[in-house]
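1. got a predicted structure here, sequence first:
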Amino acid sequence: MPIKIFKDLPAKEVLKDENIFVMDNIRAKTQDIRPLEIAILNLMPTKEKTEEQLLRLLSNTPLQINITLLTMESYRSKNTSRKHLESFYKFFSEVKDKKFDGLIITGAPVEKLDYEEVMYWKELSEIMKWSKTNVYSTFHICWGAQAGLYYNYGINKRLLDKKLNGIFKHTIVDDKIPLVRGFDHEFLVPHSRNTTVDIESFQNVDNLVVLSTSKEAGVYLAMSKDGRQIFVSGHSEYDADTLKNEYLRDVEKGENPELPLNYFPENDVTREPISTWKSHSYLLYSNWLNYYVYQRTPFNICDI
């Protein structure tokens, strides 16, 4: 949240130059406050775990948030009970006439398929088209980010020689952008994917800004210049044991996976990994909610 100070206080300009969010009395008096309406399009197979991870991060703010969980109508999840879906989720057809301050599109285990081969691609395309007029800011995660880049900008993904799996160091490209306000210059993020989008693809689109990169993992964070489209290639929402559970799952399937890099203590799978990315994760979601949703979305949600 911003700090409210006198309009002419000398410290105001100093703080602004340090990228601290300040608000003068005049602006504060004109602010109207209401609950934010955030929709989560959950494409992950383990929907209940993903709910926990995202809701934990979204809750780290004094803002009141109303959550709407969405699932695909053109594809029924095999890993989440029908009862759970019917009790807590809605289809896009049920909310398409509503407006939302924010939308989160999660990753999905379909990255090796061409986009048009994904069973629900047509429905997802409809949702992304709808979001341009019915959502103020959309936050895309992992495959959701790749799908958003493809749909909005025609940027395609590239299949990696081997799975990118582990915890990787990232750096900030421009620390003056509010989305990365307060980040350390170097921070850690989990990745678990078989495809990537090369940095040259971002640089060829004038409307896109790259905010963070990694020597090993490539572009991590990018957005449209107006902040209404956010693209995150990693899984900052992951719990400490998520990569472990994915690794053990693949071992049981007989896929002979490589150990996640920089993850298990001394590469010992019998030792419990710890989270080294949690503070960054909370800050990322708080910054998105504050600077790109709460501070910008119209008070009358119908005006989006």
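-> Yep, that arrived. Numbering: from 1, shown residues only.

2. summarise which helices and strands the helix or strand I67 falls within is packed against.
-> Element membership for I67, per DSSP states H and E: strand 65-71. When contacts are defined as 3 or more Cβ pairs under 8 Å, 6 or more residues apart in numbering; DSSP states H and E, strand 65-71 sits against strand 36-41, helix 47-58, strand 89-91, helix 92-95. Backbone N, C-alpha and C define where each C-beta goes, glycine included.

3. what's in contact with it?
-> 35-42, 47, 51, 55, 58-59, 77, 85, 88-92, 95, 100, 127, 289 (Cβ atoms under 8 Å, 6 or more residues apart in numbering).

4. residues of it that come out buried?
-> Across strand 65-71, burial judged by 16 or more other Cβ atoms under 10 Å covers I65, I67, T68, L69, L70, T71.

5. so where do the helices sit in the stretch 51-200 of the chain?
-> 82-88, 92-95, 121-134, 143-153, 199-203 (DSSP state H, counting those that start in this stretch).

6. now those in CSV, with mean pLDDT and mean neighbour count?
-> Formatted as CSV, the helices of the stretch 51-200 of the chain follow (pLDDT from 0 to 100; neighbours: other Cβ atoms under 10 Å):
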stretch, mean pLDDT, mean neighbour count
helix 82-88, 90, 12
helix 92-95, 97, 14
helix 121-134, 98, 17
helix 143-153, 98, 22
helix 199-203, 96, 14
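
7. can I get the ones you listed in TSV with distance to L159?
-> Below are those laid out as TSV (distance: least, Cβ to Cβ, whole Å):
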stretch	distance to L159
helix 82-88	31
helix 92-95	29
helix 121-134	18
helix 143-153	11
helix 199-203	14
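
8. got the phi/psi numbers for T213?
-> phi -140, psi 170 (degrees, to the nearest 10).

9. for the one 3 residues further on, same thing?
-> In terms of degrees, to the nearest 10, the main-chain angles of E216 are phi -90, psi -40.

10. list the contacts of the spatially closest residue to it that is not a sequence neighbour.
-> In space, and not counting its chain neighbours, E216 is closest to F168: 4.8 Å by Cβ to Cβ, 6 or more residues apart in numbering. With contact set as Cβ under 8 Å, 6+ apart, F168 has these partners: L188, V189, H191, S214, E216, A217, G234, L261, N262.

11. of the residues you listed - the most surrounded one?
-> Most neighbours among those, by other Cβ atoms under 10 Å: G234, with 29 neighbours.

12. circling back: the strand holding I67 vs helix 47-58, what angle?
-> Angle of strand 65-71 versus helix 47-58, following axes from the mean of the first three to the mean of the last three Cα atoms, to 10 degrees, is 150 degrees.

13. alpha carbons of strand 65-71, in PDB - could you do that?
-> Presented in PDB, the C-alpha positions along strand 65-71 are these (Å, rounded to 0.1, in the frame of the first residue of the first chain):
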ATOM      1  CA  ILE A  65     -10.400  -9.800  -2.800                       C
ATOM      2  CA  ASN A  66     -13.300 -11.800  -4.200                       C
ATOM      3  CA  ILE A  67     -12.100 -14.900  -5.900                       C
ATOM      4  CA  THR A  68     -13.800 -16.700  -8.800                       C
ATOM      5  CA  LEU A  69     -12.400 -20.100  -9.800                       C
ATOM      6  CA  LEU A  70     -12.700 -21.100 -13.400                       C
ATOM      7  CA  THR A  71     -12.300 -24.400 -15.200                       C
END
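
14. mind listing residues that contact stretch 81-89?
-> N42, K47, E48, L69, L70, T71, R76, S77.

15. and which of those is nearest L164?
-> Ranked by distance to L164 (Cβ to Cβ), the contacts of stretch 81-89 are led by N42 at 22.5 Å.

16. residues in contact with the closest residue to Y294 other than its chain neighbours?
-> Residue nearest to Y294 in three dimensions, not counting chain neighbours: L63, with 5.8 Å by Cβ to Cβ, 6+ apart. Contacts for L63 were tallied using Cβ under 8 Å, 6+ apart; they are P35, L36, L289, N290, Y294.
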